[in-house]
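**Student:** need a 3D model of the sequence below.
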Amino acid sequence: MNVSQLKLKEINEAIRDAGFKPQQLLFAGGLGIAALFSIPSIQKYSQTQAIRQAEIRKIDRLAESQRNQLLAEQNAEEIANERYKSCIPVVGKHYKNGTHYFTSLKAGDVPVDRITGKPFAPGVKVCDALGTTGIIDESGKIINTLFTGDRDVIHARLKRFRGSQFSQPVLANNQKEEK
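**Tutor:** Okay, here's the model as predicted:
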């Protein structure tokens, strides 16, 4: 007997002394080989799961962001509705046939009194016919613009000024005047 056969015989005896049967060893060996061949599949599965979990987290963040945006818009609309109760509607400087028409507001606009040509005092609430409201800052510019889509609130406020003698403020932002 050579050395390798002797070692093999010792290993066989050690296995039998441990109480293992050859069938059990074959089964365990088969499992080991199957596990080795499965490693690439397991790695691919792990990567796929990691990608899916990242996508789920991304979707969750997007959904949370959309929920927060919706809440902010609802709060902004409530504030805009409140502002409409006491805002001063602004018309454009542009007019036809002696009539000024409503214009849209945006942050940074400077509405002025049509008679004096001076900007409003800070804190005055202004609005337009499209649903935008704003507040006049220290420099006379519109800040903190908010929007409401509630046409009833807008209509209720603006109908008070149709045909009245009240001199509505105008936006003097480089708009043409027609006579």
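**Student:** checking residue 10 next. Helix, strand or coil?
**Tutor:** In three-state terms, and counting by DSSP: H, G, I helix; E, B strand; the rest coil, residue 10 is helix.
**Student:** outline the domain layout of this protein.
**Tutor:** Annotated domains of the chain cover 9-82, 85-171 [automatic domain parsing].
**Student:** pick the most deeply packed of these.
**Tutor:** domain 85-171 (a mean of 16; mean count of other C-beta atoms under 10 Å). The C-beta positions use only the backbone N, C-alpha and C, and glycine is treated the same way.
**Student:** average model confidence for that domain?
**Tutor:** Throughout domain 85-171, pLDDT has a mean value of 83.
**Student:** now find how far off-centre it is within its chain.
**Tutor:** Taking the mean of its C-alpha atoms, domain 85-171 sits 29 Å from the chain's own mean (C-alpha atoms, centre = their mean, to the nearest Å).
**Student:** what helices and strands are in contact with the longest helix along the chain?
**Tutor:** The longest helix of the chain (DSSP state H) is helix 22-84. Applying 3 or more C-beta pairs under 8 Å, 6 or more residues apart in numbering; DSSP states H and E, we find helix 22-84 packed against strand 125-127, strand 132-136, strand 142-147, helix 151-158.
**Student:** between that helix and strand 142-147, how many degrees?
**Tutor:** 110 degrees (axes from the mean of the first three to the mean of the last three C-alpha atoms, to 10 degrees).
**Student:** for the next helix or strand after helix 22-84, packing partners?
**Tutor:** Using DSSP states H and E, the helix or strand that follows helix 22-84 in sequence is strand 88-89. If contacts are counted by 3+ C-beta pairs under 8 Å, 6+ apart, strand 88-89 sits against strand 125-127.
**Student:** and the strand it packs on, what other elements does it pack with?
**Tutor:** helix 22-84, strand 88-89, strand 132-136.
**Student:** including distance to residue 104, could these go into a markdown table?
**Tutor:** Converted to a markdown table, the helices and strands packed on strand 125-127 look like this (distance: least, C-beta to C-beta, whole Å):
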| stretch | distance to residue 104 |
| --- | --- |
| helix 22-84 | 14 |
| strand 88-89 | 12 |
| strand 132-136 | 6 |
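**Student:** relative to residue 155, which of those is closest?
**Tutor:** Within the helices and strands packed on strand 125-127, the stretch nearest residue 155 is helix 22-84; the backing value is 9.9 Å (C-beta to C-beta).
**Student:** make sure residue 129 is indeed in a strand.
**Tutor:** No: using three-state DSSP, the secondary structure at residue 129 is coil, not a strand.
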